[in-house]
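**Q** Next comes the sequence, and after it the predicted model I'd like to discuss.
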Amino acid sequence: MASTLILGGARSGKSALGENLALTSGLKCIYLATAEARDAEMIERITHHQDRRGANWKLLEETTDIANVIKQHSQTDTVMLIDCLTLWTSNLMEQDHNIPDAILALEQAINAAQGDLIFVANEVGLGIVPMNKMARDFRDHAGRINQAVAATVDTVHFCIAGLPLTLKKNGIATGGALSDLLSAEQAS
């Protein structure tokens, strides 16, 4: 079982990268969508993703209990693309879920998965500190979720302008002295 997290900003190419990784895996492709079509703009985004994917995908939709969906549908002959953790975060907040419990359940589902997993998430912590508490809470929850998933998966890519930078491969941080220090700490 291989697991990957793809981080990036809006329109960075992260979803397309995830779809390409899934399609080239040779496994049956499952798309786990966390978005809800609440307005015309979101409907347009969803349609764009569906058109790009085509008919080679089994679609599952779940806004909050993605850990359970992973447990139920991850098989040795499948790759599941979970798009995206950022919308999942806002769904959890909106419905007053216990986010630490949801993170723990997701980590357990990743570790127990039978098939490959690819997660997509926005990196929202690169901008200014938001003015209101709800936005700060969202940024903090999204950052904690991204950190937890990054620590759990085998590979992490950061996508910029459609180009992936590999931050972690085969469970080991890549990219210089800091990652060497982190790898040494993980080994001890």
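**A** Perfect, I can see it now. Predicted model, so just to flag it, every value in this text is computed and none were measured.

**Q** all contacts plus neighbour counts: C-alpha atoms, from now on.
**A** Fine.

**Q** OK, contacts around the residue nearest to Glu62 when sequence neighbours are not counted?
**A** Counting by CA to CA, 6 or more residues apart in numbering, Glu62 lies nearest to Thr34, which is 5.3 Å off, once chain neighbours are set aside. Contact criterion CA atoms under 8 Å, 6 or more residues apart in numbering gives 61-64, 82-85, 87-88 as the residues in contact with Thr34.

**Q** Return the subset of those residues lying in strands.
**A** Judged by DSSP state E, strands contain the following of the contacts of Thr34: 61, 82-83.

**Q** Show the model's pLDDT score for Glu44.
**A** The confidence metric pLDDT takes the value 83 at Glu44.

**Q** Count the neighbours of it for me.
**A** When neighbours are defined as other CA atoms under 10 Å, Glu44 has 12 of them.

**Q** Which neighbouring elements make contact with the longest helix belonging to the chain?
**A** Ranked by residue count under DSSP state H, the longest helix found in the chain is helix 133-152. Taking 3 or more CA pairs under 8 Å, 6 or more residues apart in numbering; DSSP states H and E as contact, the helices and strands that helix 133-152 lies on are helix 85-94, helix 99-112.

**Q** a markdown table for those helices, including distance to Leu7 and mean pLDDT?
**A** A markdown table is the format used below for the helices and strands packed on helix 133-152 (distance: least, CA to CA, whole Å; pLDDT from 0 to 100):
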| stretch | distance to Leu7 | mean pLDDT |
| --- | --- | --- |
| helix 85-94 | 10 | 97 |
| helix 99-112 | 17 | 98 |
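
**Q** Just give the nearest non-adjacent residue to Ile145, would you?
**A** Nearest residue to Ile145, sequence neighbours excluded (CA to CA, 6+ apart): Ile103, at 6.4 Å.

**Q** wouldn't that neighbour be in contact with Ala150 here?
**A** No. With the criterion set as CA atoms under 8 Å, Ile103 and Ala150 do not qualify as a contacting pair; they are 11.8 Å apart.

**Q** neighbours around Met134, how many?
**A** Burial measure for Met134: 11 neighbouring residues, criterion other CA under 10 Å.

**Q** any idea how far it is from Leu87?
**A** When CA to CA, to the nearest Å is the yardstick, Met134 and Leu87 sit 15 Å from each other.

**Q** Just list what whichever strand or helix holds Phe119 packs against, helices and strands only.
**A** Secondary-structure element containing Phe119, defined by DSSP states H and E: strand 116-122. Of the remaining helices and strands, those touching strand 116-122 by 3+ CA pairs under 8 Å, 6+ apart are strand 3-8, helix 14-23, strand 78-83, helix 85-94.

**Q** For the second one, buried residues please.
**A** Of the residues in helix 14-23, those scored as buried under the neighbour-count criterion (16 or more other CA atoms under 10 Å) are 14-19, 22-23.

**Q** average model confidence for stretch 156-167?
**A** If you average the pLDDT values across stretch 156-167, you get 94.

**Q** Likewise for stretch 58-65?
**A** Along stretch 58-65, the predicted confidence averages to a pLDDT of 94.
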